[in-house]
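>>> Sequence first, predicted coordinates after that:
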Amino acid sequence: MRAGTAAQDLTGQVALVTGGARGIGAAIALALAESGATVYAADLLPTDEVVSEIAKVGGAAHGLALDVTDREGCATAVRSIVEAQGRLDILVCNAGICPPGEVAGDWAQWDRVIDVNINGVQSCIAAAWDHMVSRNYGRIVLVSSMAFYQGGVIVGTEYSASKGAVAAMTRHIARNGGPHGILCNAVAPGVIATEMTSSFSKPDLGAIPLRRIGTAHDVAGPVRFLCGPDAAYMTGTILNVTGGIVLAA
Ligand code: NAD
C-alpha cells in the first residue's frame, strides 16, 4: 500500500472509474485505491478480479455492474455511491470500445462506438454534475486517444471522431466546471498493451521514441496525478501518454 505520499494522497476521497474491470481502467482503479481513495470500478464485465486485487494491497474497492450507454443506469450508479459514501470526488470516464474498422465502415458500428465513447461519457458526467456542483468540488478525467491528434490506424473513422469529441468535452467541461470547483482533464494514450489492442498488428517500435509499447500502469499514473492535489491548477489539459509518438499538440 503506497498511500500517504503527500503529492498523491487521496485518502477519504471517493472515485468512480468506468471500464474498471480490466486494462487501463483496472490499473487506474488500483492506482487511485493505492493512494487511499475508495474506488468503485464499474463495468459491463465482472469486476471481482480488480476488487480483490485492490483488497490485497489494503485498498477499498467496490464493483458496480454498469453499461455506460444506459443513462438511467449511470444516474442510479452515482446516486448509490453518494448514498453509501456521502460523496463522489473523482470520476474517471475510461470505458470505451475500439473495433477494427474502415473509413467508410458500417453504420451500426459507427452508432455503437459513438454511443459508448461519447454518449457514455456524457451520461456519467451528467449523473455526477449536480452533486459535484453542490459540493463545489470535482475531479473529472476523460480518456481520449492519440487517434484524436493524428487519426487512427486499423480503427474506423468513428473511433477517432469519438476521441476528438472527448477532447472537446474535456475543454468544455473545464471551462464550465471551473467556477464550480470542478476540474476536467484528459489523457490521450498511444499504443497500450491491453485486451483492446491484443488482436491489432504490432506497431513499429522504431516509430516510438521510447521504443516500447505502453502498459496500463503507464496511463494510470498520469490519471492519478490529474485526480490529486498536485494538479489543482490544471484544467482543460490533455496529457499525451504515447511514449513520444505525439510530441506536440
Ligand atoms: P479494454 O477493452 O481492455 O477495457 C475497456 C473496458 O471498458 C472493458 O472492461 C469493457 O468491458 C469496458 N466497457 C466497454 N464498453 C462498456 C460499456 N458500455 N459500459 C461499461 N463498460 C464498458 O480497453 P483499454 O485499452 O483498457 O481501454 C480503456 C480506454 O482507453 C478506452 O476508452 C480506450 O478507447 C482508451 N485507449 C486505449 C488505448 C490502447 O492502446 N489500449 C489507446 C488510446 C485510448
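It's in. These numbers were taken from a predicted model, which means no experiment stands behind them.

>>> Around the ligand, which positions in the protein sit nearby?
Taking Cβ under 6 Å from any ligand atom as the test, the list of the chain residues beside the ligand reads 18-19, 21-25, 43-45, 66-69, 94-98, 116, 120, 143, 145, 189, 191-192, 194-197. All C-beta spots, glycine's among them, are computed from the backbone N, C-alpha and C.

>>> Check which helix or strand Arg79 maps to.
helix 71-85 (DSSP states H and E).

>>> Can you list the buried residues in stretch 100-109?
Gly101, Gly105, Gln109 (16 or more other Cβ atoms under 10 Å).

>>> Out of those residues, name the ones that lie in helices.
Under the assignment DSSP state H, the buried residues of stretch 100-109 contribute Gln109 to helices.

>>> Which residue in the buried residues of stretch 100-109 has the weakest pLDDT?
Ranked by pLDDT, these bottom out at Gly105 (83).

>>> wait, doesn't it sit right on Val155?
No. Using Cβ atoms under 8 Å as the test, Gly105 is too far from Val155 to be in contact (9.4 Å).

>>> In this structure, what helix or strand scores lowest on average pLDDT?
helix 147-150 (a mean of 93; mean pLDDT, DSSP states H and E).

>>> Packing partners of it?
Applying 3 or more Cβ pairs under 8 Å, 6 or more residues apart in numbering; DSSP states H and E, one finds that helix 147-150 contacts helix 157-177.

>>> among the residues of the chain next to the ligand, which are in helices?
Short answer: the residues of the chain next to the ligand in helices (DSSP H) are Gly23, Ile24, Gly25, Gly120.

>>> which among those gets closest to Val219?
The nearest member of these to Val219, counting by Cβ to Cβ, is Ile24 at 4.9 Å.

>>> Quick check: which element contains Glu140?
Just to correct that, residue 140 is Ile rather than Glu. strand 138-143.

>>> quick one: contacts of that strand?
For strand 138-143, the external contacting residues (Cβ atoms under 8 Å, 6 or more residues apart in numbering) are 24, 88-94, 96, 121, 125, 128, 132, 166, 169-170, 173, 177, 180-187, 189, 219, 223, 226-227, 231.

>>> Give the rounded mean pLDDT of it.
Here the average pLDDT along strand 138-143 is 99.

>>> what does stretch 200-219 give?
On average, stretch 200-219 scores 95.

>>> cool, and stretch 59-68?
98.

>>> Please compute how far it lies from its chain's middle.
14 Å (Cα atoms, centre = their mean, to the nearest Å).

>>> before we move on, the earlier item: from the chain's centre, how far out does the helix holding Arg79 sit?
18 Å.

>>> Now do the buried residues in it.
Within helix 71-85, the residues that count as buried by 16+ other Cβ under 10 Å are Arg71, Gly73, Cys74, Ala77, Val78, Ile81, Val82, Gln85.
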